[in-house]
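> Next come a sequence and a model predicted from it.
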Amino acid sequence: MLFRSRLMTFVFPLLAGAALNVAPALAQETAPAADVSQASQAAPKFQTIASADSPGKVLHVDVMLSGDGNLSYQITRNGHTVIAPSRLGLILANVPKLDRYFALETADVSAHDDTWEQPWGERRFTRNHYNELRVNVVQKTWDDRKMTVVFRMYDDGLGFRYEFPDQPQLHKLQIMDELTEFAVADKATAWWDVAGEWNREEYLYQKTPLDEVSEAQTPMTLKTDKGLYISFHEAALVDYAAMWLRRVDGQRLKTRLAPSAMGAPVVRDAPFPTPWRTLQITDSAAALYNGSDLILNLNEPNKLGDVSWVKPYKYVGIWWGMHLNTWTWEAGPRHGATTTNTKAYIDFAAKNGFRGVLVEGWNKGWEDWFGKGYNFSFTESYPDFDLPAISAYGLKKGVHLVGHNETSGNIANYEPQMEAGFKQYEKYGVDSVKTGYVADAGGARVKAPDGSIRYAWNDSQEMVRHYLLNVTTAAKYHIAIDTHEPIKDTGLRRTYPNWVSREGQRGMEYNAWGDPQNPAEHEANLVFTRMLSGPMDFTPGILSLQGQGRPIASTQAKQLALYVVLYSPIQMAADLPENYAKYPKPFQFIKDVPTDWEQSIALNGEPGDFATIVRKDKASEDWYLGAVTDETERSVDVPLTFLEPGRSYTAQIYRDGPNAGMTGDARFDIVIEDKTVTAADTLKVRMAPGGGEAIRFKALGKSKARK
C-alpha cells in the first residue's frame with residue numbers, strides 16, 4: 001500500500017555567491033567530522049533543505065546545500081552520525097558538471113509497505129517497507145537543468161540514486177564520473193577486495209583500517225569502533241558502469257565508475273535513473289545478512305511473468321577433472337566432454353537424485369581459448385559429443401543437461417551466435433546454461449557502434465548491457481543463466497528470475513590450483529561481504545579434500561556446511577563420482593540438502609572469523625544448519641528456538657571429530673550421529689581449525705513439551 005503526503009515544498013533561488021534562503025525550521029547547520037574532510041580545504045557549511053526518517057525512525061537522512069549550491073547528504077542512526085556530510089553530483093564530458101549552483105525546487109516524502117513472494121530464494125516472502133524522499137533540484141546558472149535525488153529509507157539500510165528527466169538542455173548525458181561520497185564518521189575496520197586489477201572480482205578479502213583502503217569492489221563491509229556494521233554496495237545496475245569505491249582521504253570514500261572502451265564510462269539519453277547506491281547499517285554482522293532484503297527490494301518486480309520453468313536444483317558435472325588437470329576442455333586423448341563420460345555422469349546423477357549434469361568443453365573452439373575465444377562455436381559439438389543423444393538419454397532418467405557457453409570475454413564473437421545457441425539448447429531440453437567470461441580485466445572484446453573492436457572491463461557499461469542481454473535472450477527460450485566471471489549481483493534476479501546464480505569471487509577451483517589457495521577464513525568472509533549481494537555458485541563438496549597435486553585446507557564437515565552457509569538456488573556436488581563413492585556417509589548430507597528455502601537466519605558470526613546459518617526447506621518441515629570457522633578452533637552455543645515449538649526433530653549431525661583439523665588425515669575426522677531435539681534445546685557446535693558443522697533437523701510428529 002502506498003501513502004503519499006506533500007510534506008515539504010520549498011523553492012530557494014540560489015545564484016553563485018548568494019546567501020541560502022532557508023525557513024527557520026530547516027536552518028540546521030552541520031560541519032563534517034574532522035577525519036573525513038579534505039585537509040587542504042576549509043570544511044564547507046551546509047544547510048538542510050529536506051529530510052526523512054526510516055519507518056521506525058532508526059535511520060535519518062538530511063539533504064543539504066552549501067552556500068555555493070553544492071548538494072550533500074548525511075545519515076544518522078538513532079541520533080548518532082554514521083555518514084558525515086558527503087557530496088552528491090556527477091561530472092559530465094559534454095556539458096558542465098552537475099555540481100554547484102543547485103537550488104531546491106520541491107521535496108516530497110511518501111511511505112510504502114508491501115510483501116512480495118520470491119519464486120525461489122533465501123526466504124519465500126520479502127517485506128518491502130520504506131519511506132521515500134524525492135528531492136528535485138535545479139541548476140539555474142546552467143539553463144535550468146533539473147535532477148532528482150531519491151532516498152529510500154529502511155530501518156536497517158538505505159538506497160539513493162539520481163534521476164534525470166527528459167529535458168532538451170540535458171538530454172544526452174556523457175557521465176565521466178560521480179561525485180558521490182560516503183564520509184564514514186567513526187573509525188572503522190574494513191573487509192574489502194581490490195577493484196580495477198587484472199583478475200576482475202577474484203581477489204582475497206583484506207582486513208585493514210578503513211583509512212588504509214585503496215580502491216575497493218563492492219560489497220565492502222565495515223565495523224566501526226562503536227560496534228556498528230555498514231555494507232556498501234549498489235542495486236539495479238542496468239545500462240550503467242559498475243561502481244568502485246576509491247578512498248580519497250581519511251575515511252572518505254568516493255564513487256569511481258568502471259572505465260569504458262568507448263569514451264565516457266556512461267553514455268545515455270534521458271530520462272533514466274542511475275543504479276542505487278546502498279548502505280546496510282546494523283548493530284551486528286548477523287543482522288547484515290538477516291536484513292530487509294535491501295538489494296532485492298530496490299529492484300523492479302518480475303518482468304518475465306510465469307517463471308515456473310526456473311527450477312532450483314543440485315548438479316554434478318564434467319568440471320573438477322579439468323581443474324585437477326586429469327581431463328581437458330579441448331578435444332584429444334584426455335577430453336572430458338565425451339558421450340561416454342557424460343552418460344556415466346547422468347547415471348550417477350539419476351542414482352543419487354541430482355537434477356543436472358554440467359558439461360564443459362563440449363563445443364568446438366577450445367584449442368586456444370583463454371582470453372581469446374575467436375574460434376568458439378556455440379552450436380557445433382566436438383565429434384565425440386552427441387548432444388541430441390545425450391540429452392535424450394538424460395531426460396529419460398529425469399536428468400537435465402546443464403549447458404555451457406564459455407566466451408573468453410569475446411562477446412563480439414558470442415552475441416551473433418547467442419540466440420542460435422539458446423534455440424538449440426531449448427530444442428534438446430536443456431533449460432539452464434552456465435556462461436563464462438574468462439579474460440583479464442580490460443580484455444573483454446566488444447563491438448563498437450562503428451563496427452570496430454574495443455577491449456572493455458567486465459563491469460563496464462558495455463558489458464553490463466551484454467550480461468542483461470544474455471539473460472533476457474535466454475528467458476525467451478525458458479533457459480536459466482548461471483554467470484561465471486560475471487558482473488556483480490545487484491538484485492536483478494528479482495526482475496529477471498532466470499538469473500539464478502553467478503560466481504563473482506574466488507570459488508572452489510582456487511583450492512585446486514590457486515596461488516594462493518583460499519585461506520580458511522575465506523568462506524566466513526564471503527558470508528558478510530560477497531553473499532550480501534546475492535547467490536554465489538561456489539561449487540562446494542570436495543570430500544576428497546584434494547586439489548591439483550596438493551591438499552585442501554578444510555575438513556569434510558566444513559565442505560558439507562558450505563551447502564547451507566553459501567546460498568545458491570543451484571548447488572554443485574563438485575567432486576568426482578568415485579570420491580563420493582569412497583565417502584558415502586558424508587555424501588548423504590549433500591544428497592539430502594535442498595536448494596530452495598522458506599526462511600534463512602544468520603544466528604551469529606563475524607566477518608572472516610565464523611558464521612552459523614540455519615535455513616528451512618520450502619518443500620518440507622525440515623531445517624538445516626551450517627557453521628564454518630577460520631583457522632581458529634571455535635565453539636558456539638546454538639539455541640534451537642528457530643524450530644517449531646512442541647515438535648521433535650531428529651538432528652542428523654555431521655561434525656568435526658575430536659582430532660579434526662585442516663591438515664593431513666585430521667581433515668577426514670568426522671563424526672556422524674543422530675540426536676532427538678526440540679526448540680527448547682541448545683546444541684554446542686564445536687568447529688576444528690578450518691572446520692565446520694552441518695545438521696539436518698528432520699521433523700518428526702508433534703510431541704509434548706519437555707518438563
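Thanks, I have the structure now.
> would Gln424 count as being in a helix?
Yes. Looking at Gln424 with DSSP: H, G, I helix; E, B strand; the rest coil, it is inside a helix.
> With the flanking residues excluded, which residue is spatially nearest to it?
For Gln424, ignoring the flanking residues on the chain, the nearest one in space by CB to CB, 6 or more residues apart in numbering is Thr379 at 5.2 Å. Yep, even glycine has a C-beta here, placed from its N, CA and C like the rest.
> Per-residue pLDDT of that neighbour, please?
pLDDT, Thr379: 98.
> How is the chain divided into domains?
Listed domain ranges for the chain are 46-110+132-294, 301-504, 524-706 (source: the TED database).
> Check the protein and tell me which residue is nearest its centre.
Against the mean C-alpha coordinate of the chain, by CA atoms, centre = their mean, the closest residue is Ser533 at 2.7 Å.
> my guess is that residue meets Pro219, correct?
Yes. Between Ser533 and Pro219 there is a contact under CB atoms under 8 Å: 5.3 Å.
> Next, show the common contact partners of these two.
His233 (CB atoms under 8 Å, 6 or more residues apart in numbering).
> just to revisit the earlier point, tell me how many other residues crowd the closest residue in space to the residue nearest to the centre of the chain that isn't next to it in sequence.
Closest residue to Ser533 apart from its sequence neighbours, by CB to CB, 6+ apart: Asp489 at 4.2 Å. Per other CB atoms under 10 Å, the neighbour tally for Asp489 reads 25.
> Same question for Asp166.
Neighbours of Asp166 (other CB under 10 Å): 11.
> quick one, strands of the stretch 201-350 of the chain?
Under the criterion DSSP state E, counting those that start in this stretch, the stretch 201-350 of the chain contains strands at 206-209, 215-216, 220-224, 229-235, 243-249, 252-257, 266-269, 272-273, 276-282, 313-318.
> contacting residues for the spatially closest residue to Phe46 that is not a sequence neighbour?
Excluding the flanking residues, the one nearest Phe46 by CB to CB, 6+ apart is Met64, at 3.6 Å. By CB under 8 Å, 6+ apart, the residues touching Met64 are Thr30, Phe46, Gln47, Thr48, Ile49, Leu71, Ser72, Tyr73, Gln74, Pro85.
> May I see the ChimeraX selection of the buried members of these?
A single ChimeraX command selects the buried members of these (16 or more other CB atoms under 10 Å):
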select :30,46,47,48,49,71,72,73,74,85
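> Give the single residue among the contacts of Met64 positioned nearest to Ala183.
If you rank those by distance to Ala183 using CB to CB, Pro85 comes first, at 6.7 Å.
> Sticking with that closest one, tell me its helix or strand.
strand 80-88 (DSSP states H and E).
> so Ile390 makes contact with His400?
No. If you go by CB under 8 Å, Ile390 and His400 don't touch, sitting 11.0 Å apart.
> Common neighbours of those two, please.
Counting by CB under 8 Å, 6+ apart, no residue touches both Ile390 and His400.
> give the contact list for Leu395.
Gly429.
> Beyond the strand or helix carrying it, next helix or strand please.
In the assignment (DSSP H and E), Leu395 maps to helix 387-396. Downstream of helix 387-396, the first helix or strand assigned by DSSP H and E is strand 400-406.
> Strands of the stretch 601-707 of the chain, start to end?
Taking DSSP E, counting those that start in this stretch, the strands of the stretch 601-707 of the chain run over residues 610-617, 623-629, 634-639, 647-656, 670-677, 682-687, 692-702.
> Any idea which of those strands has the lowest pLDDT on average?
The weakest mean pLDDT among those belongs to strand 692-702, with a mean of 93.
> Export it to PDB, keeping only CA atoms.
In PDB, the C-alpha atoms belonging to strand 692-702 read as follows (Å, rounded to 0.1, in the frame of the first residue of the first chain):
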ATOM      1  CA  GLY A 692      32.600 -26.600  10.300                       C
ATOM      2  CA  GLU A 693      29.400 -28.500  11.100                       C
ATOM      3  CA  ALA A 694      26.300 -29.400   9.200                       C
ATOM      4  CA  ILE A 695      23.000 -30.600  10.700                       C
ATOM      5  CA  ARG A 696      19.700 -31.700   9.200                       C
ATOM      6  CA  PHE A 697      16.800 -31.300  11.600                       C
ATOM      7  CA  LYS A 698      14.300 -33.800  10.300                       C
ATOM      8  CA  ALA A 699      10.800 -33.000  11.600                       C
ATOM      9  CA  LEU A 700       9.000 -35.800  13.500                       C
ATOM     10  CA  GLY A 701       5.400 -35.800  14.700                       C
ATOM     11  CA  LYS A 702       4.200 -33.300  17.300                       C
END
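> Centre of the chain to it, how far?
28 Å (CA atoms, centre = their mean, to the nearest Å).
> before we move on, back to that, for Pro516, find the nearest of the strands of the stretch 201-350 of the chain.
That would be strand 206-209 among the strands of the stretch 201-350 of the chain, by CB to CB, at 13.2 Å.
> which residues touch the closest one?
The contact list for strand 206-209 (CB under 8 Å, 6+ apart) reads Lys187, Ala188, Thr189, Ala190, Trp191, Trp192, Asp193, Val194, Pro607, Gly608.
> Let me know the average pLDDT across stretch 285-300.
Per-residue scores along stretch 285-300 average to 96.
> centre of the chain versus it, how much separation?
Counting by CA atoms, centre = their mean, stretch 285-300 comes out at 11 Å from the chain centroid.
> Mind listing what's buried along it?
Judged by neighbour count using 16+ other CB under 10 Å, the buried positions of stretch 285-300 are 285-286, 288-299.
> what does stretch 424-444 give?
Buried residues in stretch 424-444 (16+ other CB under 10 Å): 424-425, 428, 430-444.
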